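**Student:** Next input, structure requested:
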Amino acid sequence: MAITVNLYYTGKNGSAKKFAEEMVESGTVEMIRSEEGNLRYEYFFPMDDPETVLLIDSWENQEMIDIHHKSPMMETIALLRDKYDLHMKAERFIMEDSLPEKDRNFIRK
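**Tutor:** Reported below is the predicted structural model:
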(Lines give C-alpha, C1' and ligand atoms only; values in the text may rest on other atoms or scores of the structure.)
Protein backbone atom coordinates (compact mmCIF):
# COMPACT_ATOMS: atom_id res chain seq x y z
CA MET A 1 0.00 0.00 0.00
CA ALA A 2 1.50 3.34 -1.07
CA ILE A 3 2.49 5.90 1.55
CA THR A 4 2.61 9.64 0.92
CA VAL A 5 4.31 12.11 3.22
CA ASN A 6 3.69 15.83 2.88
CA LEU A 7 6.67 17.73 4.27
CA TYR A 8 6.34 21.45 4.87
CA TYR A 9 9.74 23.18 4.95
CA THR A 10 9.58 26.66 6.47
CA GLY A 11 12.34 29.24 6.74
CA LYS A 12 12.98 32.96 6.43
CA ASN A 13 13.88 35.31 3.57
CA GLY A 14 13.15 32.77 0.84
CA SER A 15 15.39 30.07 2.31
CA ALA A 16 12.84 27.27 1.79
CA LYS A 17 12.62 28.03 -1.92
CA LYS A 18 16.43 28.23 -2.14
CA PHE A 19 16.61 24.82 -0.46
CA ALA A 20 14.24 23.29 -3.04
CA GLU A 21 16.16 24.92 -5.89
CA GLU A 22 19.46 23.53 -4.61
CA MET A 23 17.91 20.09 -4.18
CA VAL A 24 16.92 20.16 -7.86
CA GLU A 25 20.12 21.79 -9.20
CA SER A 26 22.39 19.40 -7.26
CA GLY A 27 20.71 16.39 -8.85
CA THR A 28 19.52 15.07 -5.48
CA VAL A 29 15.86 15.21 -6.49
CA GLU A 30 16.52 13.21 -9.64
CA MET A 31 18.49 10.62 -7.65
CA ILE A 32 15.61 10.24 -5.18
CA ARG A 33 13.08 9.93 -7.99
CA SER A 34 15.17 7.14 -9.52
CA GLU A 35 15.30 5.14 -6.27
CA GLU A 36 13.39 1.88 -6.31
CA GLY A 37 9.95 2.34 -4.80
CA ASN A 38 9.70 6.11 -5.23
CA LEU A 39 6.39 7.11 -6.77
CA ARG A 40 6.56 10.89 -6.48
CA TYR A 41 8.95 13.56 -5.22
CA GLU A 42 7.74 17.07 -6.07
CA TYR A 43 7.97 20.54 -4.55
CA PHE A 44 5.09 23.01 -4.48
CA PHE A 45 4.84 26.59 -3.26
CA PRO A 46 1.75 27.60 -1.23
CA MET A 47 0.17 30.77 -2.61
CA ASP A 48 -0.50 32.23 0.82
CA ASP A 49 2.87 31.46 2.48
CA PRO A 50 6.01 32.57 0.61
CA GLU A 51 8.27 31.16 3.35
CA THR A 52 7.08 27.55 3.01
CA VAL A 53 7.71 24.83 0.46
CA LEU A 54 5.59 21.67 0.33
CA LEU A 55 7.26 18.42 -0.66
CA ILE A 56 4.97 15.58 -1.71
CA ASP A 57 6.99 12.41 -1.23
CA SER A 58 5.33 9.07 -2.14
CA TRP A 59 6.67 5.54 -1.82
CA GLU A 60 5.38 2.05 -2.64
CA ASN A 61 5.56 0.95 1.02
CA GLN A 62 7.29 1.49 4.37
CA GLU A 63 10.19 -0.78 3.43
CA MET A 64 11.08 1.51 0.51
CA ILE A 65 10.93 4.57 2.81
CA ASP A 66 13.23 2.83 5.29
CA ILE A 67 15.74 2.05 2.53
CA HIS A 68 15.57 5.67 1.35
CA HIS A 69 16.16 6.92 4.90
CA LYS A 70 19.42 4.91 4.97
CA SER A 71 20.58 6.29 1.60
CA PRO A 72 23.34 8.88 1.07
CA MET A 73 20.70 11.38 -0.09
CA MET A 74 19.46 11.75 3.49
CA GLU A 75 22.81 13.21 4.58
CA THR A 76 22.64 15.69 1.69
CA ILE A 77 19.08 16.66 2.64
CA ALA A 78 20.02 17.09 6.31
CA LEU A 79 23.00 19.29 5.43
CA LEU A 80 20.87 21.49 3.18
CA ARG A 81 18.12 21.77 5.81
CA ASP A 82 20.76 23.00 8.26
CA LYS A 83 22.32 25.31 5.67
CA TYR A 84 18.97 27.02 5.09
CA ASP A 85 17.86 26.77 8.76
CA LEU A 86 14.57 25.11 7.87
CA HIS A 87 11.92 23.76 10.21
CA MET A 88 9.53 21.01 9.22
CA LYS A 89 6.01 19.75 9.68
CA ALA A 90 5.00 16.33 8.34
CA GLU A 91 1.70 14.70 7.40
CA ARG A 92 1.53 11.01 6.51
CA PHE A 93 -1.15 9.34 4.38
CA ILE A 94 -1.80 5.71 3.51
CA MET A 95 -3.20 5.58 0.01
CA GLU A 96 -6.33 3.58 -0.73
CA ASP A 97 -6.53 1.59 -3.93
CA SER A 98 -9.41 3.64 -5.29
CA LEU A 99 -11.75 6.50 -4.51
CA PRO A 100 -15.19 5.63 -3.18
CA GLU A 101 -17.92 5.97 -5.81
CA LYS A 102 -19.52 8.94 -3.99
CA ASP A 103 -16.19 10.84 -4.15
CA ARG A 104 -15.50 9.94 -7.80
CA ASN A 105 -18.61 11.94 -8.75
CA PHE A 106 -16.71 15.14 -7.87
CA ILE A 107 -13.70 14.39 -10.06
CA ARG A 108 -13.78 15.97 -13.49
CA LYS A 109 -11.73 14.15 -16.09
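**Student:** can you give me the strands for this protein?
**Tutor:** Per DSSP state E, the chain carries strands over the ranges 3-10, 38-44, 52-59, 87-94.
**Student:** Check which helices and strands the shortest one sits against.
**Tutor:** This points to strand 38-44. helix 15-25, helix 28-33, strand 52-59 (3 or more CB pairs under 8 Å, 6 or more residues apart in numbering; DSSP states H and E). No exception for glycine: its C-beta is placed from N, CA and C like everyone else's.
**Student:** That strand - what's its average pLDDT?
**Tutor:** Per-residue pLDDT over strand 38-44 has a mean of 98.
**Student:** Which positions in it come out as buried?
**Tutor:** For strand 38-44, a neighbour-count test (16 or more other CB atoms under 10 Å) marks 38, 41, 43 as buried.
**Student:** Contacts for it, please.
**Tutor:** 2, 4, 20, 23-24, 29, 32-33, 53-60, 64, 68 (CB atoms under 8 Å, 6 or more residues apart in numbering).
**Student:** Much appreciated, bye for now.
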